[in-house]
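[1] What shape does this take:
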Amino acid sequence: MTSTVTDRAVAPRAVDAPRRGAGMRQSLALAGRSLTKTKRNPGMVLDALMLPVIFLLLFVYLFGGAVAGSSREYLQYLFPGILVLSTVLVGQTSTGLNIVLDMKKGVFDRFRSLPIERAAPLIGSVLGDAIRYVVACVALFALGYALGFRVETGVGQALAAVGVAIAFGFGLSWLTVWVAVLLRDENLVTTVAFLVPFPLVFGTNMVAPIDTMPGWLQTWAEINPVSHAIEACRALLLGGPAADAAVLTLLWGAGFLVVFGTLAVYAYRRRM
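    Sure, this is the predicted structure:
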């Protein structure tokens, strides 16, 4: 009798134990699905590469001589900003659009019928897009080195710069996820994802020092979170104090993740 009571008391814990962390395992499984989609459609990666590459070539060869006196010197200044730009653009354009397309195809309806966490499809989609961040960064470094860019610190600092840029882009990407869940229209999501990065990225010290800007733009550039990300990457790649800017960047990324991630999951649960 005692044995029966003990077994019944222990049984719920034995059943519940495997469920711990189930949401993360489900999200990782769905991230694998996203990676499979990317593997079968290389154009999704090319889309993430084209715009940063175009901006790098455009600014270096059109404005390098006027701004820095030579394209080589301007490339050293510009490259960290383009690195941040690449992660911001990848997160804002691809993630939200893929979620909308999956919703329209009924993929998320099938997810809803499965015994998984409601937020797992969203988290899996964003995690799966991380491969695009990595590919974009690798391609930019390859192009940058071909053009003459050189890391002036070390391999560890360069990897840290990539990590800071990816972490910031990952957090900011949840803004587009939230917009995608709310609007569910690929044209509107593409428009928002394309317009949002411009005041964030170009109202910074990416292409020119802040002290050369008008007063009102200096104020915006100094409080702009992308400015902190660029400063952190520039210090990590070229030398200088990076700790404060890196911490601010990671805090901004975490803030975007918490705020827009919560809003996206809440909207998804209500509408699904």
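[2] hey, let's count contacts and neighbours off CA atoms from now on
    Fine.
[3] Can you tell me what sits against the helix or strand harbouring Leu237?
    Using DSSP states H and E, Leu237 falls within helix 225-238. Residues from elsewhere that reach helix 225-238, judged by Cα atoms under 8 Å, 6 or more residues apart in numbering: 76-77, 80-81, 84, 151-154, 157-158, 160-162, 164-165, 168, 200-201, 204-206, 221, 241-246, 248-249, 252.
[4] and those residues, which are buried?
    76-77, 80-81, 84, 151, 157-158, 160-162, 164-165, 168, 200-201, 204-206, 221, 242, 245-246, 249, 252 (16 or more other Cα atoms under 10 Å).
[5] From the contact counts, what lies against whichever helix or strand comes after the helix holding Leu237?
    Using DSSP H and E, the helix or strand that directly follows helix 225-238 along the chain is helix 243-271. Judged by 3 or more Cα pairs under 8 Å, 6 or more residues apart in numbering; DSSP states H and E, the packing partners of helix 243-271 are helix 155-183, helix 225-238.
[6] what's the angle between the first one and helix 243-271?
    When you say that, I think you mean helix 155-183. On the basis of axes from the mean of the first three to the mean of the last three Cα atoms, to 10 degrees, helix 155-183 is oriented at 30 degrees to helix 243-271.
[7] Check which residues of stretch 107-120 are buried.
    For stretch 107-120, the neighbour count (16+ other Cα under 10 Å) marks 108, 118-120 as buried.
[8] same thing with stretch 31-40?
    Applying 16+ other Cα under 10 Å to stretch 31-40 flags 31-32, 34-35, 38 as buried.
[9] any chance of those in a markdown table, plus pLDDT and secondary structure?
    Below are the buried residues of stretch 31-40 laid out as a markdown table (pLDDT from 0 to 100; DSSP: H, G, I helix; E, B strand; the rest coil):
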| residue | pLDDT | secondary structure |
| --- | --- | --- |
| Ala31 | 74 | helix |
| Gly32 | 76 | helix |
| Ser34 | 71 | helix |
| Leu35 | 72 | helix |
| Thr38 | 66 | helix |
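[10] got those residues as a markdown table, with distance to Val126 columns?
    Compiled in a markdown table, the buried residues of stretch 31-40 are given as follows (distance: Cα to Cα, whole Å):
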| residue | distance to Val126 |
| --- | --- |
| Ala31 | 7 |
| Gly32 | 11 |
| Ser34 | 9 |
| Leu35 | 11 |
| Thr38 | 13 |
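[11] of the residues you listed, closest to Val259?
    Nearest to Val259, judged by Cα to Cα, of those is Ala31 at 21.6 Å.
[12] Does the closest one touch Leu122 like I think?
    No: in this structure Ala31 lies outside contact range of Leu122 using Cα atoms under 8 Å: 9.3 Å.
[13] Low-confidence ranges, this protein, go.
    Along the chain, the model assigns pLDDT under 70 to residues 1-21, 23, 38-45, 47-48, 90-93, 271-272.
[14] at 90 instead, please
    Residues of the chain meeting the criterion pLDDT under 90: 1-59, 61-73, 85-139, 169-170, 172-177, 179-218, 221-222, 240, 264-272.
[15] okay, now Pro214: neighbour count?
    Pro214 has 9 neighbours, counted by other Cα atoms under 10 Å.
[16] Got phi/psi on it?
    Dihedral pair for Pro214: phi -60, psi 160, per degrees, to the nearest 10.
[17] what do you get for Gly203?
    Phi and psi for Gly203, reported as degrees, to the nearest 10, are phi -90, psi 50.
[18] I figured it was touching Leu217, is that so?
    Yes: at 6.8 Å, Gly203 and Leu217 qualify as touching, with contact defined as Cα under 8 Å.
[19] Please say which of those two ends up with more neighbours.
    Gly203 (23 against 14).
[20] ok, now which ones touch the more buried one?
    Taking Cα under 8 Å, 6+ apart, we find Gly203 in contact with 217, 220-221, 224.
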